[in-house]
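**Student:** requesting a structural model of the entry that follows:
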Amino acid sequence: PEQVRSGGFVEAAQISRAGYPNHYSHEAFVLRYQFLTLSKSSGEKEESVDMVIRQIVNHIMNGEKSFSAIVDISDFDPTGIQIGKTKVFLRQKALDILEGLLIQKSMILIQADSRRHIAQKRYALLRASAVAA
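**Tutor:** Purely as a prediction, here's the structure:
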């Protein structure tokens, strides 16, 4: 019994029962979801985790048009994300929303990069034909 307590199994079971089955270390959370914020985080890791979470929640709660296009954020609850001393705990709905937003933003950037590539090829062809003429 003492080994179970000292190994953190009791705390993990209590957290999971409280409805926060998903968890990331602060560093892992920032690396994964910082992409959803407008700016890069700086400063100490506690401040950067708080800042990243605040920015993401603000974007979601303010009804960001780009966020609501694919992901249903109507029942998003900001209490679904809790910050611990070393980890960030997420309820399943909050995790689903964050993952959906991550996929959506990735798709937008891939589409923008593809359009940029096509425009550059067209410009190169136009420039080559103008020089040849």
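
**Student:** could you measure from residue 126 over to residue 79?
**Tutor:** Going from residue 126 to residue 79 by Cβ to Cβ, to the nearest Å gives 54 Å. From N, CA and C alone the C-beta is placed, and that goes for glycine too.

**Student:** got it, and residue 109?
**Tutor:** 30 Å.

**Student:** surely residue 19 is in contact with residue 91?
**Tutor:** Yes. Contact status for residue 19 versus residue 91: in contact at 5.4 Å, counting by Cβ atoms under 8 Å.

**Student:** so which of the two has more stuff around it?
**Tutor:** residue 91 (18 against 14; other Cβ atoms under 10 Å).

**Student:** nearest spatial neighbour of that one, chain-adjacent residues omitted?
**Tutor:** Take residue 91 and drop its neighbours on the chain: the residue closest to it by Cβ to Cβ, 6 or more residues apart in numbering is residue 80, 3.9 Å away.

**Student:** list the contacts of the one you found.
**Tutor:** 90, 91, 93, 94 (Cβ atoms under 8 Å, 6 or more residues apart in numbering).
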